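K.L.:
Everything below, folded, please.
(one chain, ligands or ions: 1)
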Amino acid sequence: MSKGKLFVFSGASGVGKSTVLKTVMDQRKDLVFSVSATTRAPRPGEVEGADYYFISRTEFEDWIARGEFLEYDEHNDVLYGTPVGQVNEKLERGNVVLDVEPNGAFNVRKSCPEATLIFVMPPSWEELERRLRGRGDTTPEQIEKRLARARWEMDQSVHYDYVVTNDRVEACAAEILKIIAEKAD
Ligand code: 5GP
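P.N.:
Model prediction:
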């Protein structure tokens, strides 16, 4: 029997989920982040083994064949997956945090029905749209794709156990800490 509880977080790109999660994890040292594998290239500042395991598509397919993923999903031509061995090992040590998009979250729920699914919402659609359009690193076509994906992700929030809004990082983190305390303490 594992000791810890599993907390699964999703939220559209641009919602500030990483900052909120960092604030939450700074305040609860029993939370362990599950590092995913991905076939996308590292962004500047991202660290192998801390942000992701950056692997090739061939390696990823080998991992799938060996049954090494609790769940995996492909979006924007990139594969992302949660290594099952790592999650089980981390659950022995504490409560585990996953950051996955909705398909991944629902697949985790299938294998681990006791997992708690938490969706992080932007303050408003207009605010998210402003943030996504303001990034300036993509073509109009990519921005439209990103907006459509964000809209779809937000529509999935009705299936989550909890929906929290990131209007202020500290307040949102406090709300999440309360949920975790209810489930894990
Ligand atoms: P990014 O490429 O910006 O780091 O992440 C893009 C999206 O992939 C985010 O919504 C993130 O939650 C999701 N993601 C990251 N790791 C995983 C994973 O292991 N499985 C799934 N299904 N989604 C993931």
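K.L.:
wouldn't residue 116 be in contact with residue 10 here?
P.N.:
No - the pair residue 116 / residue 10 is not scored as a contact, 11.9 Å apart, by C-beta atoms under 8 Å. In short, each C-beta sits where N, CA and C put it, glycine included.
K.L.:
Neighbour count for the two, which is higher?
P.N.:
residue 10 (24 against 20; other C-beta atoms under 10 Å).
K.L.:
OK, contacts around the more buried one?
P.N.:
17, 99-102, 104-105, 117-120, 153, 156, 160 (C-beta atoms under 8 Å, 6 or more residues apart in numbering).
K.L.:
one more time with 7 Å
P.N.:
100-102, 105, 119, 153 (C-beta atoms under 7 Å, 6 or more residues apart in numbering).
K.L.:
Give me the distance between it and residue 56.
P.N.:
26 Å (C-beta to C-beta, to the nearest Å).
K.L.:
How about the secondary structure of residue 73?
P.N.:
strand (DSSP: H, G, I helix; E, B strand; the rest coil).
K.L.:
Without its sequence neighbours, what residue ends up closest to it?
P.N.:
Leaving aside its sequence neighbours, residue 73 sits nearest to residue 103 (C-beta to C-beta, 6 or more residues apart in numbering; 4.5 Å).
K.L.:
Whatever helix or strand the one you found lives in: how far from the chain's middle?
P.N.:
With elements taken from DSSP states H and E, the one containing residue 103 is helix 102-111. Relative to its parent chain, helix 102-111 has a centroid offset of 11 Å by C-alpha atoms, centre = their mean, to the nearest Å.
K.L.:
Can you name the next helix or strand after that helix?
P.N.:
Next element after helix 102-111 (DSSP H and E): strand 116-121.
K.L.:
Which is the succeeding secondary structure element to that following strand?
P.N.:
Downstream of strand 116-121 (by DSSP H and E), the next one is helix 125-133.
K.L.:
now for that following helix, which elements pack on it?
P.N.:
Using 3 or more C-beta pairs under 7 Å, 6 or more residues apart in numbering; DSSP states H and E as the contact test, the elements touching helix 125-133 are helix 140-155.
K.L.:
My guess is residue 52 contacts residue 39. True?
P.N.:
No - between residue 52 and residue 39 there is no contact, the gap being 9.7 Å when judged by C-beta atoms under 7 Å.
K.L.:
Need the overlap of contacts for the two.
P.N.:
In contact with both residue 52 and residue 39: no residue, using C-beta under 7 Å, 6+ apart.
K.L.:
For this protein, which residue gets nearest to the ligand?
P.N.:
residue 104 (2.3 Å; C-beta to the nearest ligand atom).
K.L.:
ok, that residue - contacts?
P.N.:
Here residue 104 is in contact with 71, 73, 82 (C-beta under 7 Å, 6+ apart).
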